[in-house]
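In: with the sequence up front, the predicted model follows.
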Amino acid sequence: MECHPIPDINFNLAPGEPDRAWKKLTTFEADLYGLRGTALFLDIDIVIVGSLDDFFTRPGQFLIIKDYPRFWRNNAKRIVGNSSVYRFELGAHADVLAYFREHSQEMRDKYRNEQEYLSHFLNRQGKLSYWPAAWCPSFKYACIPAWPTNYWKEPLPPKDARIVIFHGECNPPDALAGRSNRPFRHIEPARWVTAAWNP
């Protein structure tokens, strides 16, 4: 295993400005430490529960999770991806980062976070594709049983899941301990997290 520091994105956050994960865009450096080939980006707040082989063989120039449905949005027209898991050829999308560096304030004003900017940028080029929805389920939307069964049933990944995504609510250690950071959203301990971490 080789470890490298995250490259500098070359802008500073204003006092009180949220991070919004803009530094992820540095994965699109034209030359990222001399690395070449296909890269699969994985956030650290995930749990791998199945094979990753198909993530490298599925056709597409850039693949990402289609962001999870929200009842208040027109989800059919929404193109934004969730950047917890994406695949790309190293160095192939250097324009994503270069354009952001040249227009960072404008893009930060226009887009809520890096995944909105990234999705719209690559969609305009016809390069954006999505993983099958079953591969990367959301823990909070797909694993937690419906009320009131969440009080006695363990949260479980769907059967076709490959990577469970933890976003916006609790992280894997919280799920393992049965802790939720939302009032009135009880979860039982997700014991399968231990099995996935220690196969």
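Out: Now that the structure is in, tell me what you want to look at.

In: in the helix ranked longest in the chain, what counts as buried?
Out: Longest helix of the chain, by residue count under DSSP state H: helix 114-124. Under the neighbour-count criterion of 16 or more other C-beta atoms under 10 Å, helix 114-124 has 114-122 buried. Using the backbone N, CA and C atoms, a C-beta is placed for each residue, glycine as well.

In: for that helix, which outside residues touch it?
Out: 20-25, 61-62, 64, 67, 79-83, 93, 96, 99-100, 107, 110-111, 128 (C-beta atoms under 8 Å, 6 or more residues apart in numbering).

In: kindly recompute the last result at 7 Å.
Out: If you take C-beta atoms under 7 Å, 6 or more residues apart in numbering as the criterion, helix 114-124 is touched by 20-22, 24-25, 62, 64, 79-83, 93, 96, 99-100, 107, 111, 128.

In: also stretch 53-70?
Out: 38, 40, 75, 78, 80-88, 93, 119, 122, 127-131, 133, 136, 138, 141, 165.

In: how about it: buried residues?
Out: For stretch 53-70, by 16+ other C-beta under 10 Å, it's 55, 62-68.

In: same question for it, mean pLDDT?
Out: Throughout stretch 53-70, pLDDT has a mean value of 92.

In: and the top strand by length along the chain, what does it pack onto?
Out: Counting by DSSP state E, the longest strand found in the chain is strand 81-89. With contacts taken as 3 or more C-beta pairs under 7 Å, 6 or more residues apart in numbering; DSSP states H and E, strand 81-89 sits against strand 38-42, strand 62-66, helix 114-124, strand 163-165.

In: now residue 157: which helix or strand?
Out: Secondary structure assignment for residue 157, by DSSP states H and E: no helix or strand.

In: that older thread, distance to residue 15 for the buried residues of stretch 53-70 - can I get that in a markdown table?
Out: Listed next are those as a markdown table, based on distance: C-beta to C-beta, whole Å:
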| residue | distance to residue 15 |
| --- | --- |
| 55 | 39 |
| 62 | 34 |
| 63 | 36 |
| 64 | 31 |
| 65 | 32 |
| 66 | 34 |
| 67 | 29 |
| 68 | 31 |
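
In: which of the contacts of stretch 53-70 count as buried?
Out: Buried by 16+ other C-beta under 10 Å: 80-88, 93, 119, 122, 127-131, 136, 138, 165, out of the contacts of stretch 53-70.

In: quick check: closest non-adjacent residue to the residue most central in space within the chain.
Out: Closest to where the C-alpha atoms of the chain average out (C-alpha atoms, centre = their mean) is residue 84, at 1.4 Å. Excluding its sequence neighbours, the residue lying closest to residue 84 (C-beta to C-beta, 6 or more residues apart in numbering) is residue 43, at 4.3 Å.
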